[in-house]
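Visitor: can't give you the sequence, but here's the structure:
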(Lines give C-alpha, C1' and ligand atoms only; values in the text may rest on other atoms or scores of the structure.)
Protein backbone atom coordinates (compact mmCIF):
# COMPACT_ATOMS: atom_id res chain seq x y z
CA UNK A 1 0.00 0.00 0.00
CA UNK A 2 2.79 2.43 0.95
CA UNK A 3 4.60 1.75 -2.34
CA UNK A 4 1.43 2.41 -4.35
CA UNK A 5 0.67 5.65 -2.48
CA UNK A 6 4.30 6.77 -2.75
CA UNK A 7 4.35 6.14 -6.50
CA UNK A 8 1.12 8.06 -7.06
CA UNK A 9 2.36 11.03 -5.03
CA UNK A 10 5.74 10.89 -6.79
CA UNK A 11 4.03 11.03 -10.18
CA UNK A 12 1.82 13.99 -9.16
CA UNK A 13 4.82 15.93 -7.81
CA UNK A 14 6.76 15.27 -11.03
CA UNK A 15 3.79 16.37 -13.13
CA UNK A 16 3.16 19.51 -11.07
CA UNK A 17 6.80 20.62 -11.16
CA UNK A 18 7.52 19.52 -14.74
CA UNK A 19 10.20 16.95 -13.99
CA UNK A 20 10.55 13.25 -14.69
CA UNK A 21 9.32 11.03 -11.85
CA UNK A 22 12.41 8.88 -12.46
CA UNK A 23 14.50 11.79 -11.09
CA UNK A 24 12.68 11.69 -7.74
CA UNK A 25 13.80 9.27 -5.05
CA UNK A 26 12.15 8.42 -1.76
CA UNK A 27 14.25 9.79 1.09
CA UNK A 28 14.27 9.62 4.87
CA UNK A 29 12.74 10.27 7.18
CA UNK A 30 9.37 9.16 5.91
CA UNK A 31 7.11 9.09 8.91
CA UNK A 32 3.67 8.69 10.39
CA UNK A 33 2.68 11.48 12.77
CA UNK A 34 0.14 11.42 15.56
CA UNK A 35 -0.20 14.87 17.08
CA UNK A 36 -2.39 15.76 20.03
CA UNK A 37 -2.33 18.39 22.77
CA UNK A 38 0.08 16.61 25.13
CA UNK A 39 3.28 18.36 26.21
CA UNK A 40 6.29 18.02 23.91
CA UNK A 41 8.94 15.68 25.34
CA UNK A 42 11.77 16.73 23.01
CA UNK A 43 12.44 19.65 20.68
CA UNK A 44 11.58 17.32 17.76
CA UNK A 45 8.06 17.12 19.21
CA UNK A 46 7.66 20.91 18.96
CA UNK A 47 6.06 20.85 15.53
CA UNK A 48 4.56 24.35 15.84
CA UNK A 49 7.84 26.23 15.27
CA UNK A 50 8.42 27.70 11.79
CA UNK A 51 10.92 25.61 9.83
CA UNK A 52 12.26 24.73 6.40
CA UNK A 53 12.33 21.01 5.61
CA UNK A 54 15.57 21.19 3.56
CA UNK A 55 17.31 22.76 6.58
CA UNK A 56 15.71 20.41 9.11
CA UNK A 57 16.20 17.15 7.19
CA UNK A 58 18.92 17.91 4.63
CA UNK A 59 17.93 15.44 1.93
CA UNK A 60 14.38 16.74 1.30
CA UNK A 61 13.76 18.40 -2.07
CA UNK A 62 9.99 17.80 -2.14
CA UNK A 63 7.75 17.16 0.85
CA UNK A 64 4.30 15.60 0.76
CA UNK A 65 1.69 15.11 3.46
CA UNK A 66 -1.14 12.60 3.27
CA UNK A 67 -3.73 13.54 5.87
CA UNK A 68 -5.52 10.71 7.65
CA UNK A 69 -7.91 12.71 9.83
CA UNK A 70 -10.20 15.70 9.43
CA UNK A 71 -9.74 19.22 10.76
CA UNK A 72 -12.61 20.31 13.05
CA UNK A 73 -14.10 16.79 13.13
CA UNK A 74 -11.23 14.72 14.56
CA UNK A 75 -9.12 17.53 16.03
CA UNK A 76 -9.00 21.28 16.58
CA UNK A 77 -5.99 23.41 15.64
CA UNK A 78 -3.34 21.48 13.72
CA UNK A 79 -3.73 23.30 10.41
CA UNK A 80 -0.67 23.49 8.16
CA UNK A 81 0.51 27.07 7.68
CA UNK A 82 2.79 28.36 4.93
CA UNK A 83 4.38 31.51 6.33
CA UNK A 84 4.50 34.07 3.53
CA UNK A 85 5.67 37.67 3.73
CA UNK A 86 2.40 39.11 2.43
CA UNK A 87 -0.03 36.70 4.07
CA UNK A 88 0.01 33.19 5.46
CA UNK A 89 -1.68 30.40 3.52
CA UNK A 90 -3.37 27.66 5.51
CA UNK A 91 -4.17 24.06 4.61
CA UNK A 92 -6.97 22.39 6.55
CA UNK A 93 -6.22 18.67 6.84
CA UNK A 94 -8.87 16.36 5.44
CA UNK A 95 -8.57 12.56 5.40
CA UNK A 96 -7.26 11.55 1.98
CA UNK A 97 -6.02 15.03 1.06
CA UNK A 98 -2.43 15.22 -0.17
CA UNK A 99 -0.44 18.42 -0.14
CA UNK A 100 3.07 18.75 -1.51
CA UNK A 101 5.63 21.47 -1.96
CA UNK A 102 9.30 22.18 -2.59
CA UNK A 103 11.27 21.80 0.62
CA UNK A 104 13.48 24.91 0.41
CA UNK A 105 13.39 28.36 2.00
CA UNK A 106 10.54 29.39 -0.32
CA UNK A 107 8.23 27.26 1.85
CA UNK A 108 8.76 28.26 5.45
CA UNK A 109 5.95 26.60 7.37
CA UNK A 110 4.62 25.36 10.69
CA UNK A 111 1.68 23.43 12.10
CA UNK A 112 -0.72 25.09 14.53
CA UNK A 113 -0.80 23.52 17.98
CA UNK A 114 -3.47 20.86 18.24
CA UNK A 115 -6.01 22.01 20.85
CA UNK A 116 -8.11 18.84 21.08
CA UNK A 117 -8.34 15.40 19.44
CA UNK A 118 -5.63 13.75 17.37
CA UNK A 119 -4.23 14.75 13.97
CA UNK A 120 -2.85 11.88 11.87
CA UNK A 121 -0.70 12.26 8.75
CA UNK A 122 2.03 10.53 6.76
CA UNK A 123 5.01 12.52 5.52
CA UNK A 124 6.56 11.12 2.33
CA UNK A 125 9.54 13.06 1.03
CA UNK A 126 11.66 12.95 -2.08
CA UNK A 127 15.18 13.87 -3.06
CA UNK A 128 16.73 14.49 -6.46
CA UNK A 129 20.02 13.01 -5.22
CA UNK A 130 20.17 9.21 -5.67
CA UNK A 131 22.82 9.06 -2.92
CA UNK A 132 20.11 10.06 -0.40
CA UNK A 133 17.51 7.58 -1.64
CA UNK A 134 15.94 4.80 0.39
CA UNK A 135 13.77 1.84 -0.55
CA UNK A 136 10.10 1.58 0.29
CA UNK A 137 9.53 0.48 3.90
CA UNK A 138 8.82 -3.23 4.33
CA UNK A 139 7.10 -5.15 7.08
CA UNK A 140 9.35 -7.59 8.90
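Guide: Now that the structure is in, tell me what you want to look at. Keep in mind it's a predicted model, so treat the numbers as computed, not measured.

Visitor: where do the strands of this protein begin and end?
Guide: 25-35, 62-67, 75-77, 80-82, 89-91, 98-102, 109-111, 114-117, 119-127 (DSSP state E).

Visitor: wait, which of these is closest to residue 45?
Guide: Among the strands of the chain, the nearest to residue 45 by Cβ to Cβ is strand 25-35 (8.8 Å). (Glycine included, C-beta is placed from N, CA and C.)

Visitor: contact partners for residue 118?
Guide: 34, 35, 36, 69, 74, 75 (Cβ atoms under 8 Å, 6 or more residues apart in numbering).

Visitor: same question for residue 89.
Guide: With the criterion set at Cβ under 8 Å, 6+ apart, residue 89 makes contact with 81, 82.

Visitor: contacts made by the top helix by length along the chain with the rest, please.
Guide: The longest helix of the chain (DSSP state H) is helix 2-17. Contacts with helix 2-17, where a contact means Cβ under 8 Å, 6+ apart, come from 20-21, 23-24, 26, 62, 64, 66, 98, 100, 102, 122, 124, 126, 136-137.

Visitor: for residue 50, which of the strands of the chain is the nearest?
Guide: strand 109-111 (4.6 Å).

Visitor: which residues are contacting the closest one?
Guide: Residues contacting strand 109-111 (Cβ under 8 Å, 6+ apart): 35, 47-52, 78-83, 101, 119.

Visitor: quick one, which of the contacts of helix 2-17 are buried?
Guide: Buried members of these, scored by 16 or more other Cβ atoms under 10 Å, are 24, 26, 62, 64, 66, 98, 100, 122, 124, 126.
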